[in-house]
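1. after the sequence you'll find the predicted model.
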Amino acid sequence: MNDLIKLYKSVISEEEGKLEEINKDYWRLGYHLMPPVGWLNDPNGLCEFKGLYHVFYQYAPTNADGGLKFWGHYTTKDFINWTKHDVAIYPDQVFDLHGVFSGSSFIEDGKMYCYYTGTVMREGYNDNYEVEGMEQNTILITSEDGFNFSDKKLILTNDNYPNMSWHVRDPKVWKENDNYYMVLGGRSEEGEGCILLYISKDKENWNYLNTIKTNERFGYMWECPNIFNINGNIVLITCPQGVPQDDVDIVNVHQCGYFVIEGDLTGQDYKFSNFIPLDRGFDMYAPQSFIDSKGRRILIGWLSISDTPFGYPTIKNGWNHCLSIPRELSFEDGRLIQKPLSELKDLRNEEFKFKVLDGKINKELFLDKYEMIIDFETSPSEVFINLRKDINISYLNNDKVLKLSFGRSGYGRNERKVNIENLENLRIFIDTSSIEIFINGGREVFSSRVFPNKEDKGINIFGRNLNAEGVVYSMKDFNYFRS
Ligand code: FRU
């Protein structure tokens, strides 16, 4: 262990000593992964390896408002019982000194290969995350057990990214036939968002293959690309920055969505679909997906958005942000479908069945962490759902718009919406400071942080031509263990 890692370890252990105090915050979530202390952003290196699911994440333990990034580390067998491990990757080399940024894991022959971006601020660096940027190196680190890592290997530097600005990062690796492929998100010299595609025969030596982008410029930078084949369809999930807002699909400060691509990505003969938002809420960014041993494509995202001007109210309590619940992806009618991972059913505690007849709910329920499922007999003319006194979901058949809105618990953020032709069902997950709404079997999703008071607990549903059946499950918390 080098001296820098020793120093980091002692600083982090001191910071994490504040955990007990921080856990007194009511907004600490019950069944969402959070940073033990300080700041969390993107999920990284998601994989299943030797019987455990590994969730690494961007972790800045010393500053709840962001700071030097490490890879934090959780593992689980069942998505309910989680073990918190020591930081997995530290910024301790000349090529990653100013941040171990996002990346992915690739598993082969009993070995975990983690690829990530190491950043270095050059002298005279001007703190402009948009254009100038930092040195962004692609680095490989491997592990036989998922906990102890090899020496780092520098595999690509900014000199290896043709016609690009300084912004090239977030490697994601996969294998196809006998080749390994890597995508990196970036900003070209001309200021276009794009991804770079590399090829390798041995996972260590990589050759540039192509720059993939839309015909028309779509923003200036694409972060966290993730390309995969799902039921024979090639999907590119990415987070474009700098796309002009349009009040319908492009509503957040940066975007999180996907393109379906046809054709050959190694040449020029490919075609992008329109950009489809992955989520309609205020908070979903940098999602990453992987395939597990059951063949499921599992996606987890960051419940926030980079550069959002929103001031999350937990910063003053020494921590900030969380990850989404895990979702299983499928593909139907040209779109990704997201369904909460089936393991989450094991978090269900008490069950309350209810009916809504002629627009009135027949039960009063007072809970703050729950899953609620509502099946509509036929698409209602109007439905208004009020949760925790301050969260409103409405659907009006006239304009076919489903809206999510917050009062004071939104801390200034008030409304997001989506067009829904027929409302068939809703599955809603509420935690102490989050909401995730899966509409019509996961065809549309809203994910958001929201900060109601502890006492705000009611569930109210009313409307017109509204007949529905539902069930509410109070939810258990995750169990946490220390490695
Ligand atoms: C996305 C992102 C990535 C980067 C990481 C740094 O949220 O900006 O592009 O690698 O966060 O924490």
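-> Perfect, I can see it now. Numbers count the residues shown, from 1 in each chain.
2. for the stretch 151-300 of the chain, what lies in contact range of the ligand?
-> Where the stretch 151-300 of the chain comes near the ligand, counting by C-beta under 6 Å from any ligand atom, the residues are 169-170, 223-224, 285-286. Yep, even glycine has a C-beta here, placed from its N, CA and C like the rest.
3. out of those, which comes closest to E424?
-> Y285 (27.8 Å; C-beta to C-beta).
4. my guess is the closest one contacts S306. True?
-> Yes. Y285 is within contact range of S306, at 6.1 Å (criterion: C-beta atoms under 8 Å).
5. who touches both of the two?
-> 41, 239, 254 (C-beta atoms under 8 Å, 6 or more residues apart in numbering).
6. tabulate these (TSV), appending pLDDT and secondary structure.
-> Shown next, in TSV, are those (pLDDT from 0 to 100; DSSP: H, G, I helix; E, B strand; the rest coil):
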residue	pLDDT	secondary structure
N41	98	strand
C239	98	strand
H254	96	strand
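7. in strands, which of the residues of the stretch 151-300 of the chain next to the ligand fall?
-> 169-170, 223-224, 285-286 (DSSP state E).
8. between these, which sits nearest Y480?
-> Nearest member of those to Y480, counting by C-beta to C-beta, is A286, at 23.2 Å.
9. quick one, grab the pLDDT at the residue lying closest to the closest one once chain neighbours are set aside.
-> Spatial nearest neighbour of A286, excluding adjacent residues (C-beta to C-beta, 6 or more residues apart in numbering): D42 at 3.7 Å. The per-residue pLDDT reported for D42 equals 98.
10. cool, G124 as well?
-> Reading off the model, G124 has pLDDT 68.
11. where does the residue nearest to A286 land in three-state SS?
-> At D42 the chain is in strand, as set by DSSP: H, G, I helix; E, B strand; the rest coil.
12. tell me the contacts of it?
-> D42 neighbours (C-beta under 8 Å, 6+ apart): 57-58, 102, 170, 224, 285-286, 288, 302.
13. export those to a markdown table and tack on neighbour count and pLDDT?
-> What follows is the contacts of D42, written out as a markdown table (neighbours: other C-beta atoms under 10 Å; pLDDT from 0 to 100):
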| residue | neighbour count | pLDDT |
| --- | --- | --- |
| Y57 | 29 | 98 |
| Q58 | 25 | 98 |
| S102 | 28 | 98 |
| D170 | 29 | 98 |
| C224 | 26 | 98 |
| Y285 | 26 | 98 |
| A286 | 28 | 98 |
| Q288 | 28 | 98 |
| W302 | 27 | 98 |
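14. in the stretch 151-300 of the chain, which residue sits nearest the ligand?
-> Residue of the stretch 151-300 of the chain nearest the ligand, by C-beta to the nearest ligand atom: E223 (3.8 Å).
15. tally of neighbours for the nearest residue to that residue once chain neighbours are set aside?
-> Closest residue to E223 apart from its sequence neighbours, by C-beta to C-beta, 6+ apart: C239 at 4.3 Å. Neighbour count of C239, defined by other C-beta atoms under 10 Å: 29.
16. E421 now?
-> For E421, using other C-beta under 10 Å, the count is 9.
17. just S405 next, same as before
-> 15.
18. just give me the longest helix of this protein.
-> If you go by DSSP state H, the chain has its longest helix at helix 3-16.
19. quick one: contacts for the residue sitting nearest the centre point of the chain?
-> Using C-alpha atoms, centre = their mean, the residue of the chain that lies closest to the mean C-alpha position is G301, 1.1 Å off. Contacts for G301 (C-beta under 8 Å, 6+ apart) come out as 43, 256, 278-279, 284-288, 323-324, 447.
20. fine by me, we can end here.
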